[in-house]
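A.B. asks: have a look at this fold, sequence not included:
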């Protein structure tokens with residue numbers, strides 16, 4: 001799997017690639033990350049990559065030619081016979097969800113375009129970008145943080161990256177848990193500042209523990225993300241005990 005990243009600030013990625021459990025994927029070569037700076041493909045002594053917007057207004061706009069030349073170099077280096085997805089992180093993009101992450105995790109990677117300034121010339125977007133992704137209804141200073149978020153979400157799903165292969169299966173939104181939010185977790189000490197670990201978790205009774213966790217997932221999801229309960233119900237993923245729990249909690 002390979003990700004080529006077009007960014008004016010490749011140095012922002014260095015600590016991320018060398019830290020945490022996900023670094024295993026980069027150290028082993030399981031996931032390759034290559035950086036491309038549009039400034040290296042700009043003309044003139046100042047290697048300018050932005051200019052004032054036509055029509056006036058605040059901010060600067062990234063010019064299409066340096067980005068396009070940079071993208072051409074990245075695509076040529078991949079030497080892929082198949083079309084390579086070109087992803088732009090943008091507030092108008094499709095909001096990233098777990099199903100999308102699973103799709104990218106099973107792919108060969110992509111070219112990630114990190115915009116800056118007021119925006120990117122629309123002609124580059126129209127002619128070169130195949131996907132637009134948003135992290136949510138807010139705006140960042142650039143696409144680097146969004147690219148890091150996508151990388152982290154994708155890399156942790158690769159085999160052997162997490163210490164326990166079952167870890168991500170219990171994550172929020174995972175289809176293995178019917179798309180529900182995760183339950184609370186506890187560790188030592190058993191008592192902390194007047195708060196005890198819930199009794200079911202101390203029982204040693206596997207079925208009782210799993211039922212408690214399921215009830216917690218249902219209750220938390222119903223309170224925080226009721227649309228996920230509706231989706232699970234519509235898909236036939238909730239049984240009579242689940243409905244009883246929801247009715248009791250509601």
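C.D. replies: Arrived safely. Quick caveat: nothing in here was measured; it's all calculated off a predicted structure. Numbering: from 1, shown residues only.
A.B. asks: tell me the secondary structure for the nearest residue to residue 134 once chain neighbours are set aside?
C.D. replies: Closest residue in space to residue 134, ignoring its immediate chain neighbours: residue 93 at 4.1 Å, by CB to CB, 6 or more residues apart in numbering. In short, each C-beta sits where N, CA and C put it, glycine included. Following DSSP: H, G, I helix; E, B strand; the rest coil, we place residue 93 in the strand state.
A.B. asks: what sits against residue 93?
C.D. replies: 131, 132, 133, 134 (CB atoms under 8 Å, 6 or more residues apart in numbering).
A.B. asks: which of those tops the neighbour count?
C.D. replies: residue 133 (21 neighbours; other CB atoms under 10 Å).
A.B. asks: picking up where we left off before, of the contacts of residue 93, which is the nearest to residue 121?
C.D. replies: residue 132 (14.6 Å; CB to CB).
A.B. asks: quick revisit: can you say which two of the contacts of residue 93 are spatially most distant?
C.D. replies: Pairwise distances across those (CB to CB) peak at 10.9 Å, for the pair 131 and 134.
A.B. asks: show me whatever sits in contact with both of the two.
C.D. replies: Taking CB under 8 Å, 6+ apart as the criterion, residue 131 and residue 134 both touch 93, 94.
A.B. asks: tell me the pLDDT at the most centrally placed residue in the chain?
C.D. replies: Compute the mean C-alpha point of the chain, and by CA atoms, centre = their mean the closest residue is residue 150, 3.2 Å away. What the model reports for residue 150 is a pLDDT of 98.
A.B. asks: repeat that for the one 10 residues further on.
C.D. replies: Here, the pLDDT recorded for residue 160 equals 89.
A.B. asks: gap between it and residue 21?
C.D. replies: Distance of residue 160 to residue 21, given as CB to CB, to the nearest Å: 10 Å.
A.B. asks: contacts for the strand or helix carrying residue 75?
C.D. replies: Per DSSP states H and E, residue 75 falls inside helix 64-78. Residues outside helix 64-78 that contact it (CB under 8 Å, 6+ apart) are 2, 4, 6, 34, 36-43, 49, 84, 86, 111, 113, 120-121, 123-124, 127-128.
A.B. asks: pLDDT of it, averaged?
C.D. replies: Rounded mean pLDDT across helix 64-78 is 98.
A.B. asks: list the buried residues of that helix.
C.D. replies: 64, 66, 67, 68, 69, 70, 71, 74, 75, 78 (16 or more other CB atoms under 10 Å).
A.B. asks: where does the chain dip in pLDDT?
C.D. replies: In the predicted model, the chain carries pLDDT under 70 at residues 165-166, 250.
A.B. asks: which stretches in it count as strands?
C.D. replies: 2-6, 32-36, 50-51, 61-62, 86-95, 109-113, 119-120, 131-134, 191-192, 195-196 (DSSP state E).
A.B. asks: ranking these by burial, who's on top?
C.D. replies: strand 109-113 (a mean of 25; mean count of other CB atoms under 10 Å).
A.B. asks: buried set for the top helix by length along the chain?
C.D. replies: Secondary structure of the chain read by DSSP state H shows that its longest helix is helix 206-224. The neighbour-count check on helix 206-224 (16+ other CB under 10 Å) flags 212, 213, 214, 215, 216, 217, 218, 219, 220, 221, 222 as buried.
A.B. asks: same check, this time on stretch 131-147
C.D. replies: If you call a residue buried by 16+ other CB under 10 Å, then stretch 131-147 has these buried ones: 131, 132, 133, 134, 135, 140, 142, 143, 144, 146, 147.
A.B. asks: could the strands of the chain be laid out in CSV, adding distance to residue 227?
C.D. replies: Converted to CSV, those look like this (distance: least, CB to CB, whole Å):
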stretch, distance to residue 227
strand 2-6, 31
strand 32-36, 34
strand 50-51, 40
strand 61-62, 36
strand 86-95, 13
strand 109-113, 28
strand 119-120, 31
strand 131-134, 18
strand 191-192, 34
strand 195-196, 31
